[in-house]
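Asker: give the three-dimensional model of this entry:
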Amino acid sequence: MPDDEPVPVPQDLPLAARRDLAVRAALAGGLVSDAEPVVGLLDVAGIRESAAALRAAFDEVIAPGTPVLHSFAVKAASLVPVLRLLADEGLGAEVASPGELELARAADVPPDRTVLDSPAKTAAELRGALALGIAVNADNPEELARIDALVRSAPTRSTIGVRVNPQVGGGSIGAMSTATATSKFGVTLQDEGARDWLVRAYVDRPWLTALHTHTGSQGVPLPLMAAGVRAAYELAEEINAAAGRRQVTTLDIGGGLPVNFDSDEVTPAFADYARLLRAGIPGLFDGRYALITEFGRSLLAKNGLVLARVEYAKSAGGRPIAVTHAGVQVAVRTVFAPDSWPLRVTAYDAAGHPKTGTPVAQDVAGPCCFAGDLVARARALPPLAAGDHVALLDTGAYYFSNPFSYNSLPRPAIHGFTTDATEVRFATVRTAQTLPEIVKESGGNHSRSLTTLT
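Answerer: Now for the predicted structure:
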């Protein structure tokens, strides 16, 4: 952190206490300023704790010696230092684009601990992945035919599978439900002729040894997730019986564990899900199948926050409004779908101490030029004033990797933090986007290109 006096920190602090100390230290150290009035903070100890909880949950239920790859869904936090930290915790990477693959490679995630999923892979993407030995899940029959040609032309070390849609239904958020009857993902299991085609596709291709499913994420209850995994497991058993050999040897059960956005409590836990799977699908864990998981939000959400300054406090129609620097550009889903993605907001004073006072219903607004740019509506909070700060909690996943360039606002800096017996320490994860970078990204190097056309 900057040269300010370190903030004294007791050891073994819970999440909320670490968060409060980090906010105070960030403000004391000048991480929030006129030049950068909004910043992201990531709790490194919390990330390590989440990774450890995931490993322990599956270690508890699986036969000793069974190969398990916990791959982190890069889309949830497309930040190289985060991927490197998770790799240090034993996690691989699940990627869904050339950009995400390059981020994983920059974080030194090995190819054999990388999984490529996407419904729209180009031939070049597939060729490159197979050359590197990255695991690949085909999304549809046409893609499998494309892989056929590539496998014939060049040998590969890749584990190759097919993503199946078990069509078990959706959760409370339609956009997050990937196992509905008409989902764009995977080969359906219940459409006429689809299951027979899948069995034959595997029997005819001895190199097709994996099976992948992913039922959805936020809003999808654990029993529905387990039903999707059960459908994939039963298909693997059917394929192996038809082939007369152990052909499917790897089951990729996806991720999607939902997150509690109502409190600091981690619920459901990875252990809850692993035990539910063991109870309903014991053969999944008896050592016959290597396992791959693809968790994302559940590993990072609780371990991040967006901290922003209140620039002005005003009132409209009797409703207090705190105008802050955190809006749709950092909280896209919350602003556009507040009922599905509500966020907790914590109030701090100018020095970073939790605000006190009788709560008042007030709007917490962002800086963007449309009326709906609100991260909280009529939220009961201590009265906010200019110079105070708000923290948007549970934003460690997706909120840092899905920026919205409305009004050409710069992407904020992100810092990781740790606490020990004497101080809060910070490390840069991403520097703030500069104004010249915005101009370049917006075609500044080609400013006269259109005027030259005749």
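
Asker: from now on I want contacts and neighbour counts done on CA atoms only, so please keep to that.
Answerer: OK.

Asker: so for the helix or strand containing residue 83, mean pLDDT?
Answerer: Taking DSSP states H and E as the criterion, residue 83 maps to helix 80-88. Helix 80-88 shows an average pLDDT of 98 in the prediction.

Asker: check which helices and strands the next helix or strand after that helix sits against.
Answerer: Note on helix 80-88: by DSSP H and E, the next helix or strand toward the C-terminus is strand 92-95. Judged by 3 or more CA pairs under 8 Å, 6 or more residues apart in numbering; DSSP states H and E, strand 92-95 is in contact with strand 68-73, helix 98-106, strand 114-116.

Asker: with just CA atoms, put strand 92-95 into CSV.
Answerer: Taking C-alpha atoms only, strand 92-95 is exported to CSV below (Å, rounded to 0.1, in the frame of the first residue of the first chain):
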residue,chain,number,x,y,z
GLY,A,92,-7.4,-25.1,-13.9
ALA,A,93,-9.3,-22.9,-16.3
GLU,A,94,-12.5,-23.3,-18.3
VAL,A,95,-12.4,-21.0,-21.3
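
Asker: right, and the helices and strands packed on strand 92-95 - which one's nearest residue 178?
Answerer: strand 68-73 (15.2 Å; CA to CA).

Asker: what angle sits between that closest one and helix 80-88?
Answerer: 170 degrees (axes from the mean of the first three to the mean of the last three CA atoms, to 10 degrees).

Asker: related to what we said a few turns ago, which of the helices and strands packed on strand 92-95 sits most buried?
Answerer: strand 114-116 (a mean of 26; mean count of other CA atoms under 10 Å).

Asker: in its sheet, which strands sit next to that one, and in what direction?
Answerer: Looking at strand 114-116 with DSSP bridges, its partner strands are strand 92-95 (parallel), strand 135-138 (parallel).

Asker: looking at those strands, which is buried most?
Answerer: The most buried one of those (mean count of other CA under 10 Å) is strand 92-95, showing a mean of 29.

Asker: list the contacts of it.
Answerer: 69-75, 83, 86, 101, 104, 109-110, 113-118, 294 (CA atoms under 8 Å, 6 or more residues apart in numbering).

Asker: again, 10 Å this time
Answerer: 69-75, 78, 83-84, 86-87, 100-105, 107-118, 135-136, 254, 292-296 (CA atoms under 10 Å, 6 or more residues apart in numbering).

Asker: what would the helices and strands packed on strand 92-95 look like in CSV with mean pLDDT and distance to residue 304?
Answerer: Output for the helices and strands packed on strand 92-95, formatted as CSV (pLDDT from 0 to 100; distance: least, CA to CA, whole Å):
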stretch, mean pLDDT, distance to residue 304
strand 68-73, 98, 16
helix 98-106, 98, 20
strand 114-116, 98, 24
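
Asker: who wins for proximity to residue 445 among those?
Answerer: helix 98-106 (22.5 Å).

Asker: dump that closest one to CSV, restricted to CA.
Answerer: Extracted in CSV, the C-alpha atoms of helix 98-106 (Å, rounded to 0.1, in the frame of the first residue of the first chain):
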residue,chain,number,x,y,z
PRO,A,98,-9.7,-17.2,-27.8
GLY,A,99,-9.4,-14.2,-25.4
GLU,A,100,-10.1,-16.3,-22.4
LEU,A,101,-7.6,-19.0,-23.5
GLU,A,102,-4.9,-16.3,-23.9
LEU,A,103,-5.6,-15.1,-20.4
ALA,A,104,-5.3,-18.6,-19.0
ARG,A,105,-2.0,-19.1,-20.9
ALA,A,106,-0.7,-15.7,-19.6
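
Asker: helices or strands next to that helix in the packing?
Answerer: On a contact count with 3 or more CA pairs under 10 Å, 6 or more residues apart in numbering; DSSP states H and E, helix 98-106 meets helix 80-88, strand 92-95, strand 114-116, helix 123-132.

Asker: how far does it sit from the chain's center?
Answerer: From the chain centre to the centre of helix 98-106 is a distance of 15 Å (CA atoms, centre = their mean, to the nearest Å).

Asker: what about the helices and strands packed on helix 98-106, which gets the closest to residue 370?
Answerer: Once the helices and strands packed on helix 98-106 are compared by CA to CA, helix 80-88 is nearest, at 32.5 Å.
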